[in-house]
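J.: Structure here, sequence nowhere to be found:
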């Protein structure tokens with residue numbers, strides 16, 4: 001018979017709140033925004049008042065850690081599910097402030113109408129209505145007297161029945177004696193098992209990631225500054241998206257502004273670049289993998305707990321060292337020079353906008369690679385080439401698409417064992433042999449997904465190689481990408497739909513797209529390709545300029561070659577769509593290879 005790996009015990013709300021206030025139960029999300037809206041808090045109070053179930057809380061006790069004097073610490077319980085409910089209870093019943101989405105502290109006041117036994121979120125109208133108790137936390141204050149509360153209400157509402165009001169308010173005050181089930185997971189469970197339990201028990205099926213566990217571990221450790229480190233990670237990811245959030249930090253969190261982290265990240269206040277907007281998960285992945293040489297965040301959770309992987313014991317010295325190393329990794333991530341250098345390298349490869357960044361994990365590992373190259377003291381030009389090529393290879397092979405943690409772990413361990421340069425070359429030789437460019441890539445480009453990595457690589461290649469837009473004389477593909485130029489169907493969509501009866505998957509093939517100016521796209525509209533190519537031939541032989549400004553046949557051929565358009569389309573041959581797609585994929589693959597080799 002399997003051993004039960006958890007216990008379930010009902011506890012009064014009053015006890016749970018006392019545990020949170022004393023630190024016996026740690027709420028790791030306490031420094032993150034409270035995501036419930038006030039109506040959810042109201043609904044929670046209504047459910048408790050009516051005796052409805054409000055779900056379970058799940059805690060996981062930190063492992064006991066061997067201290068420097070040889071004794072064992074007693075691990076706190078970490079609340080890993082139910083954080084929003086506990087925060088809501090503390091806000092509504094204890095009157096504690098919460099952090100909103102802008103990281104500003106605010107009160108959530110829940111009002112109660114004793115005559116109607118109804119809860120509402122306090123508003124100005126309720127505040128003026130004497131029939132409402134505008135903030136129920138006053139009733140739960142430590143020195144609050146139920147008798148005095150009833151007397152005060154009846155004095156304001158003389159038409160009310162004193163006995164009935166007393167009964168209702170006594171019932172309200174007793175909700176702190178309602179029980180909530182506490183599921184406590186065994187402390188020796190590994191992180192993957194805890195994650196699986198969370199997903200199975202949580203009624204909404206919300207995935208709790210390894211990064212969430214890691215952030216929880218960081219937040220609850222004040223001994224080594226984990227609470228401030230956690231906040232720095234959150235703030236950086238918020239600032240990367242909303243630079244104007246800097247003023248909110250400066251106005252509402254003076255303690256953090258005085259910390260060592262704020263001077264290292266306030267440069268983001270002047271940056272409106274969205275090429276790489278890292279989440280807290282991205283920051284953790286890069287900082288941990290680059291600093292520790294491991295790719296699995298469950299290992300970070302273990303190390304922050306003091307896990308000795310050899311003895312399988314928990315030691316305070318390891319926890320202390322791990323927090324210090326993680327801090328170094330986070331500061332390296334936040335470094336303005338490092339961060340800007342990474343985005344510059346990506347742009348120099350042709351990935352000009354966030355629309356061309358389709359794999360955040362490929363960017364993350366490119367950052368790790370950049371930091372490791374710096375650590376090995378490689379020359380700047382070599383670092384740039386290594387990172388450009390690795391990122392391009394990563395997206396074209398979907399290296400970090402399936403199990404990114406496993407791929408990160410394999411790559412960083414091999415880099416540690418072999419060094420960056422030998423391992424990079426071995427991977428490129430293995431992943432991108434001649435057969436990839438001549439056989440596999442053309443086949444992979446048989447797709448209608450405009451967000452596919454191959455079409456992304458094609459656009460980056462054209463931007464990097466300085467191509468002019470389709471049928472343009474001066475406007476470049478780079479200009480068009482930066483200014484959201486049009487994607488034009490070489491064989492127009494309506495022509496393929498109406499005349500050939502093709503479906504979306506066929507007429508939207510990426511090999512049928514070119515990047516062009518909107519006015520050229522509009523001029524071509526739905527003309528059959530043999531019609532507008534015939535007009536193009538007239539245009540370069542002295543005819544009217546219908547499509548852009550190209551008036552020379554050699555210039556036209558050069559433009560078509562830049563866009564991998566088969567030149568037989570100028571020779572009056574039958575316009576075979578399937579032949580066109582097949583040949584253009586080969587030409588596109590050839591050009592992408594030339595781009596990659598130039599990185």
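T.: Received, thanks. Everything numeric here is computed off the predicted structure, so don't read it as measured data.
J.: Checking residue 182 next. Helix, strand or coil?
T.: strand (DSSP: H, G, I helix; E, B strand; the rest coil).
J.: For residue 107, grab the count of nearby residues.
T.: Residue 107 sits with 13 neighbouring residues when counted by other C-beta atoms under 10 Å. The way it works is simple: take the backbone N, C-alpha and C, and place the C-beta from them, glycine included.
J.: Could you pull up the residues touching the residue lying closest to it once chain neighbours are set aside?
T.: Once flanking residues are discounted, residue 107 sits nearest to residue 97: 5.5 Å by C-beta to C-beta, 6 or more residues apart in numbering. Residues near residue 97 by C-beta atoms under 8 Å, 6 or more residues apart in numbering: 91, 105-107.
J.: ok, so of those, who is nearest residue 18?
T.: residue 91 (16.2 Å; C-beta to C-beta).
J.: now the closest one: how far from residue 167?
T.: Noted for residue 91: a distance of 26 Å to residue 167, by C-beta to C-beta, to the nearest Å.
J.: Counting neighbours, go ahead and name the busier of those two.
T.: residue 91 (22 against 13).
J.: Report the contact partners of the more buried one.
T.: Here residue 91 is in contact with 34, 41, 97-98, 107-108 (C-beta under 8 Å, 6+ apart).
J.: Could you do residue 300 as well?
T.: Taking C-beta under 8 Å, 6+ apart, one finds 210, 214, 217, 284, 288, 292, 294, 322, 326 in contact with residue 300.
J.: Mind doing that once more with 6 Å?
T.: By C-beta atoms under 6 Å, 6 or more residues apart in numbering, residue 300 lies in contact with 214, 288.
J.: following the lowest-mean-pLDDT helix or strand in the chain, which helix or strand shows up next?
T.: In the chain, the helix or strand scored least confidently by mean pLDDT, DSSP states H and E is helix 191-201, which has a mean of 62. Using DSSP states H and E, the helix or strand that follows helix 191-201 in sequence is helix 210-219.
J.: Touching that following helix from outside, list them.
T.: So helix 210-219 is contacted by 28, 78, 191, 226-227, 229-230, 281, 284, 297-298, 300-301, 304 (C-beta under 6 Å, 6+ apart).
J.: Now, of those, which are buried?
T.: With burial judged by 16 or more other C-beta atoms under 10 Å, the buried subset of those is 28, 78, 191, 226-227, 229-230, 281, 284, 297-298, 300-301, 304.
J.: Sort out which one of the residues you listed lies nearest residue 351 for me.
T.: Nearest to residue 351 among these, with distances taken as C-beta to C-beta, is residue 281, at 20.9 Å.
J.: And the helices in the stretch 101-250 of the chain?
T.: 124-128, 146-156, 162-173, 191-201, 210-219, 226-241, 245-252 (DSSP state H, counting those that start in this stretch).
J.: hang on, the earlier thing: and the buried ones among the contacts of helix 210-219, which two are furthest apart?
T.: Top of the distance list for those (C-beta to C-beta): 227 and 298, 21.8 Å.
J.: shaky segments in the stretch 101-250 of the chain?
T.: For the stretch 101-250 of the chain, the stretches with pLDDT under 70 are 101-104, 190-209.
J.: what does the chain give?
T.: Using pLDDT under 70, the chain drops low at 1-4, 26-33, 62-76, 100-104, 190-209.
J.: tell me the domain ranges of it?
T.: 6-201, 215-419, 443-598 (automatic domain parsing).
J.: Looking at the contacts of residue 91, which are in strands?
T.: The strands, defined by DSSP state E, take in residue 98 from the contacts of residue 91.
J.: Closest to residue 259 out of the contacts of residue 91?
T.: residue 97 (20.8 Å).
J.: if I look at that closest one, how far off is residue 82?
T.: For residue 97, the distance to residue 82 - C-beta to C-beta - is 20 Å.
J.: Ok, residue 433 next?
T.: Taking C-beta to C-beta, one finds residue 433 at 52 Å from residue 82.
J.: Show me which of the two is the more surrounded one.
T.: residue 82 (24 against 12).
J.: Hmm, residue 57 and the more buried one touching each other?
T.: Yes. In this structure, residue 82 is within contact of residue 57 by C-beta atoms under 6 Å, at 3.5 Å.
J.: just to revisit the earlier point, of the contacts of residue 91, which is the nearest to residue 537?
T.: For the contacts of residue 91, the nearest to residue 537 is residue 34 (66.2 Å; C-beta to C-beta).
J.: burial count for residue 243?
T.: 17.
J.: give the contact list for it.
T.: 268-269, 271.
J.: can you check residue 534 too?
T.: Residue 534 neighbours (C-beta under 6 Å, 6+ apart): none.
J.: any idea how far it lies from residue 512?
T.: Taken as C-beta to C-beta, the span from residue 534 to residue 512 is 19 Å.
J.: And residue 589, by the same measure?
T.: 15 Å.
J.: Which one's more surrounded, those two?
T.: Neighbour totals were compared for residue 589 and residue 512, and residue 589 leads with 25 against 21 (other C-beta under 10 Å).
J.: Look at that one and tell me its secondary structure.
T.: Going by three-state DSSP: residue 589 is helix.
J.: Could you double-check that it lies in contact with residue 442?
T.: Yes. Contact criterion C-beta under 6 Å: residue 589 and residue 442 qualify, at 4.8 Å.
J.: Quickly find the element holding the residue lying closest to residue 543 once chain neighbours are set aside.
T.: Leaving out its chain neighbours, the residue that sits closest to residue 543 by C-beta to C-beta, 6+ apart is residue 535, at 7.3 Å. Using DSSP H and E, residue 535 maps to helix 529-539.
J.: Show me which positions of that helix end up buried.
T.: So, applying 16+ other C-beta under 10 Å, buried residues of helix 529-539: 529, 532-533, 535-536, 539.
J.: Tell me the first helix or strand C-terminal of it.
T.: helix 553-562.
J.: where's the most centrally placed residue in the chain relative to residue 316, distance?
T.: For the chain, the residue sitting closest to the mean C-alpha position, by C-alpha atoms, centre = their mean, is residue 279 at 4.2 Å. Distance, residue 279 to residue 316, by C-beta to C-beta: 31 Å.
J.: go on, residue 42?
T.: Shown here: residue 42 relative to residue 316, a distance of 44 Å by C-beta to C-beta.
J.: more neighbours, those two?
T.: With neighbours defined as other C-beta under 10 Å, residue 42 and residue 316 compare such that residue 42 has more, 21 against 18.
J.: who's in contact with the helix or strand hosting residue 488?
T.: Assessed by DSSP H and E, residue 488 sits inside strand 486-489. Contacts with strand 486-489, where a contact means C-beta under 6 Å, 6+ apart, come from 512-514, 516, 518, 521.
J.: What of stretch 40-51?
T.: 54, 88, 92, 108, 110, 119, 121, 175, 178.
J.: Go again with 7 Å.
T.: 54, 85, 88, 91-92, 108, 110, 119-121, 172, 175, 178 (C-beta atoms under 7 Å, 6 or more residues apart in numbering).
J.: could I get the residues you listed as TSV with distance to residue 573?
T.: Putting those into TSV (distance: C-beta to C-beta, whole Å) gives the following:
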residue	distance to residue 573
54	73
85	70
88	71
91	74
92	76
108	72
110	76
119	77
120	75
121	72
172	85
175	82
178	81
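J.: Restricted to buried residues, select those residues in ChimeraX.
T.: To isolate the buried ones among the contacts of stretch 40-51 in ChimeraX, judged by 16+ other C-beta under 10 Å, type:
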select :54,85,88,91,92,108,110,119,120,172,175,178
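J.: Tell me which of the contacts of stretch 40-51 fall in strands.
T.: Short answer: the contacts of stretch 40-51 in strands (DSSP E) are 110, 119-121.
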